[in-house]
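A structural model of the following input is requested.
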Amino acid sequence: MDSELIELVDSVSEKARNNTMYDSVIVERLCIEPRNFLYEELNTLPVGTGYKGGTARSILKHSLYKAGLVDPDREDIRSELDFDGDYDVLVHISENISEPSEQNPIKKGVIKSFADKGLELEYKDIEVCTDIEEYFRTRDITQNEVLAFRESEDSWGLYFTPHAVKDSVEGVSRSMKRSLHTGFTDNYFIKDGKIILTERQLQRVLVRGLKGHAKSIQLPEGTLEHYKENGLNDGRIFSFLKPYYLKGDEELEKAVDYLKVLGLVGDDNYKDIWQSAFWSMLKYLVFTKGETKYLIPGRLLKDPTDYEIDKWITETTRDKYYRYLGRRQERNLADMNVTPNTKTAVHFSDNRLTFYNFYVDMEAEAA
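Numbering: from 1, shown residues only. Sure thing, here's the model as predicted:
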């Protein structure tokens, strides 16, 4: 496998150099064997499911290390080779199901399958997908353009884009303009002819750097300057800092200092910056949204339940998206400029590939 990967990396690195823009992307496939890495985890996958996110990055970087293409002692490589058991799973199905409540029986089936083999999953760890091309088009950063997929009982494929390999080898965290939206959420907008990442996408790029999963970050020209000038929303600062607050003062101060170096927050004491974002978020939830349950001490810092997540996605994000589409249509009718809703074309190097579906007895799981 090592020589195969070296040849493949040489090939895709050339493709990445020649495809620095966003018109198309080619997804490569590498046959992987569970005995090489994460044996139990790969064998646990049901057919029609795969690992995404940190789990898939770990498998890709291990493959690059085994092929001699990255230094295992490099911090961003070592941090992901030491797999922490935090699973992110993709489920491939044929039905077009978008409502979270309709996805729950599928997720429940995956959770049961993992539990039967001794591994624990939560609803939030699972993404339901009906289109693998769309999956590769909507990843937050290039290093996440990778998928370790169980194709059959005895076959696993590692799928990745040229930029996933290139940026993993070089230790870069960045976002590519492959799709205007991920679900109901914007990924970028155009200002003065420049691509500006949305706050959510910016956070995703920065988090990889802060966690040590990348040596450097790369942002579209104009993005950092935009947020230095306009500032980050308090809710975004809260979202960025919350995990580090829960780990203690040392981690919180480290996260605030990271934002300070980039010029995204002021020079105030790290605790003051956190408190400002916290109280702003609390006031918004209580007085604007009427969520009085957040008056319970500490409630804001706890992870929401699956029901709350589903309700929030369904009622809030979707409604915001449709309001956005209405404003977009109004601007179009008034001949005003709007950000083009373009999508990168995704091609597989082997066009004979078949991504099998995960099967679950929907009626049994709903019972």
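
what count of nearby residues applies to the spatially closest residue to residue 132 that is not a sequence neighbour?
Closest residue to residue 132 apart from its sequence neighbours, by CB to CB, 6 or more residues apart in numbering: residue 355 at 5.1 Å. In short, each C-beta sits where N, CA and C put it, glycine included. By the criterion of other CB atoms under 10 Å, residue 355 has 19 neighbours.

look up phi and psi at residue 355.
phi -100, psi 110 (degrees, to the nearest 10).

surely it meets residue 92?
Yes: using CB atoms under 8 Å, residue 355 is in contact with residue 92, at 5.2 Å.

shared neighbours, these two?
In terms of CB atoms under 8 Å, 6 or more residues apart in numbering, residue 355 and residue 92 are both contacted by the residues 48, 132, 149.

the stretch 101-250 of the chain: strands as residue ranges?
126-129, 146-152, 155-160, 172-174, 181-182, 185-186, 188-191, 194-197, 216-218 (DSSP state E, counting those that start in this stretch).

for the most centrally placed residue in the chain, give me its contacts.
Nearest to the mean C-alpha position of the chain, counting by CA atoms, centre = their mean, stands residue 140 at 4.6 Å. Residues in contact with residue 140 (CB under 8 Å, 6+ apart) are 175, 182, 201, 204-205.

by neighbour count, which of these wins?
Highest count within the contacts of residue 140 by other CB under 10 Å belongs to residue 175, 24 neighbours.

and that one, its phi and psi?
phi -120, psi 140.

identify the residues contacting it.
Per CB under 8 Å, 6+ apart, neighbours of residue 175: 140-142, 187-188, 197, 201, 204-205, 219-220.

against residue 139, how distant is it?
9 Å (CB to CB, to the nearest Å).

same check on residue 278?
Residue 278 is 30 Å from residue 139, by CB to CB.

same deal with residue 206?
Relative to residue 139, and taking CB to CB, residue 206 is found at 16 Å.

and if you look at residue 250?
Applying CB to CB to residue 250 and residue 139 gives a distance of 31 Å.

give me the more crowded residue out of the two.
Neighbour count, other CB under 10 Å: between residue 250 and residue 139, residue 139 has more, with 23 against 9.

the residue lying closest to that one once chain neighbours are set aside - how many residues pack around it?
Nearest residue to residue 139 in three dimensions, chain neighbours excluded: residue 145, at 4.8 Å (CB to CB, 6+ apart). Residues lying near residue 145 (other CB under 10 Å) number 30.

what's near enough to touch residue 145?
25, 27, 136, 139, 160-161, 163-164.

circling back: quickly name whichever of the contacts of residue 140 is closest to residue 127.
residue 182 (10.7 Å; CB to CB).

name the SS class of residue 263, please.
coil (DSSP: H, G, I helix; E, B strand; the rest coil).
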